[in-house]
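S.K.: Predicted structure and sequence below. I'll ask about it afterward.
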Amino acid sequence: MELVYLWIEDYKNIKKQGFNFSPRFECKFYDEYEKDKKGKEKLKDGCKLDIKPKEHIENFFGDNINVTAIVGKNGSGKSSILNAIVNCIENDAIMEKKYILVFRNDNNKCNYFSCFEIETSLTKLEIDNQSLAIYLGRLNNDIMGKSQKKINNHFLKYMKIDIKKQIIVNLLVFEIGKIDSSFKLSTFMYLPTQITIKLKSPQELIDNYINHIIDDRKEFKDIFMKLSDIEHQLLIIEYLRATPLKEKKKNIIEIVRNKSRLQSKLKDSKVSQLLKFTKKRLFEISSLNEKDKNLYIKEEGYSYLLDFDLIDIEGRTYNNLSHGEQNIFGQLLNLYFYATNYINLIFLFDEPEIALHPDWQKRYMNEVLTLLQKMNGGNHFILTSHSPFLLSDIPKQNIIFLDKDENGNCKVVDGLKEKKQTFGANIHTLLSDSFFMEDGLMGEFAKSKIDRAIKLLNQEQLNEDELKYCEQIISIIGEPIVKNQLQRMLDSKRLKKIDEIDAIKQSMLEMQQRLDELEK
């Protein structure tokens with residue numbers, strides 16, 4: 001499934017704006033307004049939605065795969081577009097006014113859904129219950145409701161994914177533990193086959209759960225840390241998690257001191273079974289039985305008391321991966337899971353390159369597309385980004401360029417300011433376009449230092465301290481053209497000063513000769 005077009009009347013800083021997500025079509029909504037009985041402007045029913053095919057490169061990213069990037073400066077509305085898509089799917093009551101969604105199905109036919117009557121040649125939306133919107137990013141708190149929203153007697157599902165370690169562990173153990181070991185998730189080929197489990201340390205437990213204590217925090221912590229009975233400590237943590245807030249305030253110190261009292265309050269507790277993990281234990285992921293999975297790893301079990309690590313066939317551990325490697329591994333693992341288990345997916349990724357080294361940013365789109373091409377197909381990958389590395393892998397026909405109008409509202413602009421192509425473009429070319437960097441590529445602090453040197457060198461006279469400042473700044477400049485030009489200016493000042501000194505010396509010599517003549 002492919003998202004072709006989105007039109008929003010009013011959401012955050014998006015006002016009466018349409019967005020084309022597909023290189024296959026050009027959509028335009030001709031919105032017209034009239035006055036209601038109170039004299040307020042309202043959108044007319046029956047406004048026209050026009051859609052026209054466009055010339056494009058078929059299957060550019062792979063069979064039935066599309067990629068759309070949304071780029072723009074901070075505050076231009078990138079994340080708001082993704083939030084709006086989710087809101088339309090998940091809880092359209094949040095949308096302040098009206099909206100239109102257009103989708104393309106596997107038969108290359110487009111359907112639409114709108115919350116009001118429009119004039120169009122398209123047919124109303126019909127989506128089977130395998131259609132999903134998958135979101136990764138900083139979702140606004142206004143996203144509410146259940147995980148499904150009924151649309152036209154069908155379901156368009158929305159799911160939010162997470163890349164925290166606990167989620168990664170659950171995916172590997174419950175969903176992906178039996179995949180072929182020769183399968184390559186990415187070029188760095190980290191795909192764990194083993195898992196280690198150990199109890200969290202008392203300090204970790206108290207750090208995680210001390211906030212559950214309303215009163216007497218210091219006394220509670222002292223009691224907890226002095227306990228030598230690990231089972232007693234685990235019972236305390238479980239009690240804190242299971243007990244209502246009002247009851248926690250009543251005699252909590254007396255309760256946590258008494259192990260038998262805790263056991264009576266937690267009748268079905270199985271924390272004693274966790275004592276086997278006082279020392280780290282190693283398991284093959286594929287050989288874990290269902291009972292152990294449910295008790296120790298599943299979120300509804302005792303996973304909150306345990307610490308996990310994951311090991312691949314080369315002995316690399318998850319905990320020793322860099323933050324960027326953990327980030328991209330989590331993203332690719334989720335992509336693999338959803339693209340394997342579902343068809344017709346729309347992935348919405350909000351700035352997925354965050355925390356990635358520039359080398360991984362350069363490789364990111366290739367990793368994602370290589371993985372998606374192995375899957376069921378029919379996927380649309382929509383991302384927001386600030387990274388020119390990602391942009392150089394995407395034709396400008398697949399990019400929505402955003403800016404802000406004079407009122408700070410989101411507006412779509414026609415590509416880069418100089419009308420350059422993005423696909424295969426040099427990173428410096430993309431960065432130097434005023435769409436990204438209006439004031440050049442140099443850091444502001446460095447620019448201020450160099451600007452001062454230029455100002456000094458443009459003066460008629462420089463004292464020794466000013467000359468020394470210019471010399472020191474020029475010596476550490478990395479940009480050769482700037483460095484050479486300033487060096488020439490400095491040399492010119494020095495030569496001028498030497499000439500002035502020579503002239504003074506010559507004048508003094510002539511005056512001395514004249515004085516000698518007068519004395520004679």
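M.R.: Cool, got the structure. Numbers count the residues shown, from 1 in each chain.
S.K.: Which neighbours in the sheet does the stretch of helix or strand I346 belongs to have, and how are they oriented?
M.R.: Remark: I346 resides in strand 345-350, with elements defined by DSSP states H and E. In the sheet, strand 345-350 lines up against strand 132-136 (parallel), strand 379-385 (parallel) (DSSP bridges).
S.K.: Those strands: lowest mean pLDDT?
M.R.: Looking at the strands paired with strand 345-350, the lowest mean pLDDT belongs to strand 132-136 (a mean of 74).
S.K.: For that one, what is the distance to the chain centroid?
M.R.: 14 Å (CA atoms, centre = their mean, to the nearest Å).
S.K.: what residue lies at the spatial centre of this protein?
M.R.: For the chain, the residue nearest the mean C-alpha position is E351 (3.1 Å; CA atoms, centre = their mean).
S.K.: picking that back up, state the next helix or strand along the chain beyond the strand holding I346.
M.R.: Next element after strand 345-350 (DSSP H and E): helix 358-372.
S.K.: quick one: buried residues of stretch 28-39?
M.R.: F29, D31 (16 or more other CB atoms under 10 Å). C-beta here means a position set from N, CA and C on the backbone, and glycine is covered the same way.
S.K.: List of residues touching that stretch?
M.R.: Counting by CB atoms under 8 Å, 6 or more residues apart in numbering, the neighbours of stretch 28-39 from elsewhere in the structure are 5, 7, 9, 16, 18, 41-44, 47-50, 100, 118.
S.K.: Show me the residues you listed that map onto helices.
M.R.: Residues of the contacts of stretch 28-39 located in helices (DSSP state H): none.
S.K.: Would you state the strands of the stretch 1-150 of the chain in chain order?
M.R.: Ranges of strands within the stretch 1-150 of the chain are 2-11, 14-20, 25-30, 33-35, 41-43, 47-53, 65-72, 99-104, 110-114, 118-119, 123-124, 132-136, 148-151, based on DSSP state E, counting those that start in this stretch.
S.K.: Tabulate these (a markdown table), appending distance to D222.
M.R.: Shown next, in a markdown table, are these (distance: least, CB to CB, whole Å):
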| stretch | distance to D222 |
| --- | --- |
| strand 2-11 | 51 |
| strand 14-20 | 54 |
| strand 25-30 | 65 |
| strand 33-35 | 67 |
| strand 41-43 | 64 |
| strand 47-53 | 67 |
| strand 65-72 | 52 |
| strand 99-104 | 56 |
| strand 110-114 | 59 |
| strand 118-119 | 67 |
| strand 123-124 | 66 |
| strand 132-136 | 42 |
| strand 148-151 | 48 |
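S.K.: Out of the ones you listed, flag the one nearest K293.
M.R.: Across the strands of the stretch 1-150 of the chain, K293 has its closest neighbour in strand 132-136 (24.0 Å, CB to CB).
S.K.: Strand 2-11 and that closest one, what's the angle between them?
M.R.: 70 degrees (axes from the mean of the first three to the mean of the last three CA atoms, to 10 degrees).
S.K.: mind listing what's buried in strand 132-136?
M.R.: By neighbour count on 16+ other CB under 10 Å, the buried set for strand 132-136 is L132, A133, I134, Y135, L136.
S.K.: How about residues contacting it?
M.R.: So strand 132-136 is contacted by 82, 85-86, 89, 156-163, 331, 334, 338, 342, 344-350, 352 (CB under 8 Å, 6+ apart).
S.K.: Write the ChimeraX selection for whichever of those residues are buried.
M.R.: Restricted to buried positions by 16+ other CB under 10 Å, the ChimeraX selection for these reads:
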select :82,85,86,89,156,157,158,159,161,163,331,334,338,342,344,345,346,347,348,349,350,352
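S.K.: if we can go back for a sec, for K280, see how far away the residue nearest to the centre of the chain is.
M.R.: 36 Å (CB to CB, to the nearest Å).
S.K.: And for I195?
M.R.: Taken as CB to CB, the span from I195 to K280 is 11 Å.
S.K.: So between those two, which is more surrounded?
M.R.: I195 (22 against 11; other CB atoms under 10 Å).
S.K.: And for the strand or helix carrying that one, what's in contact with it?
M.R.: Per DSSP H and E, I195 falls inside strand 194-199. Contact partners of strand 194-199, identified using CB under 8 Å, 6+ apart, comprise 169, 172-173, 230, 234, 274, 277-285, 288, 296-297, 305-312.
S.K.: Same question for stretch 171-178.
M.R.: 192, 195, 285-286, 288, 293, 297-298, 310, 333-334, 336-337, 341.
S.K.: out of these, which are inside strands?
M.R.: I195, L310 (DSSP state E).
S.K.: Can I get the buried part of the contacts of stretch 171-178 as one PyMOL selection?
M.R.: Here is the PyMOL command that picks out the buried ones among these, judged by 16+ other CB under 10 Å:
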select buried, resi 192+195+285+288+293+297+298+310+333+334+336+337
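S.K.: hmm, back to that, compile the buried residues of strand 132-136 into a markdown table and extend it with columns for distance to S322.
M.R.: Shown next, in a markdown table, are the buried residues of strand 132-136 (distance: CB to CB, whole Å):
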| residue | distance to S322 |
| --- | --- |
| L132 | 30 |
| A133 | 30 |
| I134 | 25 |
| Y135 | 25 |
| L136 | 19 |
